[in-house]
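1. Got a predicted structure here, sequence first:
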2 protein chains.
Amino acid sequence: MNLLLASTSTVHGQPYLSYFKEAWSAHFANTQGKPVIFVPYARPGGMSFDDYSAIATKAFAEHGIAMRGIHSYPSIDAAMADAGGVFIGGGNTFLLLKTLYDSGAFAAIDAAVRSGLPYMGSSAGSNMAGMTLGTTNDMPIIYPPSFDTFSWIPCNLNPHYLDPEDHSTHMGESRATRIAEFHQHNNQAVIGLREGSWLKVEAGEISLLGPHSARVFHSGKAAYEQAPGPLQLNDRLTLPRE
Amino acid sequence: MNLLLASTSTVHGQPYLSYFKEAWSAHFANTQGKPVIFVPYARPGGMSFDDYSAIATKAFAEHGIAMRGIHSYPSIDAAMADAGGVFIGGGNTFLLLKTLYDSGAFAAIDAAVRSGLPYMGSSAGSNMAGMTLGTTNDMPIIYPPSFDTFSWIPCNLNPHYLDPEDHSTHMGESRATRIAEFHQHNNQAVIGLREGSWLKVEAGEISLLGPHSARVFHSGKAAYEQAPGPLQLNDRLTLPRE
């Protein structure tokens, strides 16, 4: 598999997708004239599929990469037959996963990416690459038929990861507390991916890229900081060799 | 129905449940020697049922109100037969709802409260009184068989409500944006209940209590501030007369 998994589409004060444009333009450099298929199902702010696809298509066009919304094809199969890559954008993770299941796109994208089609996700789209949506930050605005996501990597992601605020008087749980609660019921590691970071998954290796370290949480162990570079894989965070 | 629905169990720097102790000690003043049944299913931080129940029982004992954990009875039916009231504490909303369904407590508590048994919720326990868990802030650490909650009030709650931060550089969505996304798929009003506020529901009327206003969101309308006092009911937020 060949995956690029970004914590966020946008870093504060910068244009959409610009902070890692070198990474994604290289990731999709060999699409052989085929468009990258954009999946707008997560609909940030309730935006229409057309409007959301137009934003992503414009950013890709600036780097000479063709893109087309999955909903603009007569069928999911037609879209995947035309695909030089797939990019699932951010928004609401519950809505995204439900729409992937309901449309039949889940199985089609899963098969194509497992066969080597380059995949990119941002935020909710990155959550899809993990084992479940159980570590999303989103509101459960709609009930999906399952919380299971693609399981392309043997862990979960927490995008937009935020460190606990030392001086907060708000009684809502910190991200770290929420992930500790997740580990009461789930075994997989969770990578807290800070805004501006992304993961590259290729040839059986997961690497952290971008300027920040990541926070890695294992069930029953102390969390630790992971510096940019190849992830320290262990028994609970091991990619199957391809 | 007779409900007390608090945004949080604890206000920063104050003991557990203390900020609205006059309200809940009056709410449970006429239990006729029967214990208030505590439901510890939301397990904040993964705390055990026994440990969580001990905390709530201690707070109630200081006001001379007997309390007993629902899990300490031989059956749900035995617990409800003994109940002078019910208090569902906060923690993880997904875990709470799944455990309510799996244990059979959901139907038993629903019937008892609809028959007039005094109910109190804090945080996740307050979410249960609304129509769905769709406006929780919690992480979806476990998959419940449904998002439907008790629907004792014809709206949803967002506990621990936080106003958008004007100067934040974090790209995660604000609470108001999340609720707007909820309203793309759901019609019920959402009451954003700030920490230190609670709702009293009695004789067909919902009143906001505590020092803060609440933020009320209706689908397709501008959000507004609701001052403490009876809620301005309208066609989308009307309690059935009892």
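-> Right, received. Where do you want to start?

2. in chain A, which helix or strand is least confident?
-> helix A:175-182 (a mean of 90; mean pLDDT, DSSP states H and E).

3. Alpha carbons of it, as CSV, please.
-> Extracted in CSV, the C-alpha atoms of helix A:175-182 (Å, rounded to 0.1, in the frame of the first residue of the first chain):
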residue,chain,number,x,y,z
ARG,A,175,-7.5,14.3,24.5
ALA,A,176,-5.1,12.0,26.4
THR,A,177,-7.9,11.1,28.9
ARG,A,178,-10.3,10.3,26.1
ILE,A,179,-7.7,8.0,24.5
ALA,A,180,-7.0,6.3,27.9
GLU,A,181,-10.8,5.6,28.0
PHE,A,182,-10.6,4.2,24.4
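
4. Buried residues, it. List them.
-> Using 16 or more other C-beta atoms under 10 Å in any protein chain shown as the test for burial, helix A:175-182 gives A:175-176, A:178-182. Bear in mind the C-beta positions are built from the backbone N, C-alpha and C, glycine included.

5. filter those by proximity to chain B?
-> A:178-182 (C-beta under 8 Å from any C-beta of the partner chain).

6. Select the longest helix from chain A.
-> helix A:49-61 (DSSP state H).

7. How about residues contacting that helix?
-> Helix A:49-61 is contacted by residues A:15-18, A:21, A:28, A:36, A:38, A:40-41, A:43-44, A:66-69, A:71-72, A:87, A:89, A:91 when judged by C-beta atoms under 8 Å, 6 or more residues apart in numbering or on different chains.

8. When you filter these down to buried only, what's left?
-> A:17, A:21, A:28, A:36, A:38, A:40-41, A:43-44, A:67-69, A:71, A:87, A:89, A:91.

9. Just the ones of those in strands?
-> A:36, A:38, A:67-69, A:87 (DSSP state E).

10. now those in TSV, with pLDDT and distance to chain B?
-> Converted to TSV, these look like this (pLDDT from 0 to 100; distance: C-beta to the nearest C-beta, whole Å):
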residue	pLDDT	distance to chain B
A:36	98	22
A:38	98	19
A:67	98	22
A:68	98	24
A:69	98	18
A:87	98	18
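
11. so, if you compare these, which one comes nearest to residue A:213?
-> Nearest to residue A:213 out of those is residue A:87 (C-beta to C-beta; 25.6 Å).

12. hey, what's that closest one bridged with?
-> residue A:38, residue A:120 (DSSP bridges).

13. Ok, residue A:225 next?
-> residue A:215.

14. pretty sure residue A:96 belongs to a strand, no?
-> No. The assignment for residue A:96 by DSSP: H, G, I helix; E, B strand; the rest coil gives helix, which leaves it out of any strand.

15. Do I have it right that it meets residue A:41?
-> Yes. Between residue A:96 and residue A:41 a contact is recorded at 4.8 Å, counting by C-beta atoms under 8 Å.

16. and for the two, which residues touch both?
-> Taking C-beta under 8 Å, 6+ apart as the contact rule, residue A:96 and residue A:41 both touch residue A:88.

17. ok, residue A:28 - contacts?
-> Residue A:28 touches A:36, A:60, A:65, A:84-85, A:118, A:120, counting by C-beta under 8 Å, 6+ apart.

18. Same question for residue A:1.
-> Neighbours of residue A:1 in contact, by C-beta under 8 Å, 6+ apart: A:113-114, A:116, A:119, A:152, A:201-202, A:242.

19. and which of the residues you listed is nearest chain B?
-> If you rank the contacts of residue A:1 by distance to chain B using C-beta to the nearest C-beta, residue A:152 comes first, at 19.6 Å.

20. Next one: that closest one from residue A:39, what distance?
-> Counting by C-beta to C-beta, to the nearest Å, the gap from residue A:152 to residue A:39 is 15 Å.

21. residues in contact with the closest residue to residue A:132 other than its chain neighbours?
-> For residue A:132, ignoring the flanking residues on the chain, the nearest one in space by C-beta to C-beta, 6 or more residues apart in numbering or on different chains is residue A:147 at 4.7 Å. Contacts for residue A:147 (C-beta under 8 Å, 6+ apart) come out as A:97, A:132-134, B:140, B:143.

22. Residue A:147 and residue B:215, how far apart?
-> In terms of C-beta to C-beta, residue A:147 sits 29 Å off from residue B:215.

23. Check residue A:95 too.
-> For residue A:95 relative to residue B:215 (C-beta to C-beta), the value is 23 Å.

24. What of residue A:48?
-> When distance is defined by C-beta to C-beta, residue A:48 is 27 Å away from residue B:215.

25. Tell me which of these two has more neighbours.
-> Each of residue A:48 and residue B:215 has its neighbours counted (other C-beta atoms under 10 Å in any protein chain shown); residue B:215 has more, 21 against 11.

26. OK, contacts around the more buried one?
-> B:161, B:163, B:176, B:191-192, B:194, B:223-226.

27. could you flag which of these are buried?
-> B:161, B:176, B:191-192, B:194, B:226.

28. residues of stretch A:218-233 that come out buried?
-> For stretch A:218-233, the neighbour count (16+ other C-beta under 10 Å) marks A:218-219, A:226, A:231 as buried.

29. contacts with chain B among these, please.
-> Within the buried residues of stretch A:218-233, nothing lies near chain B by C-beta under 8 Å from any C-beta.
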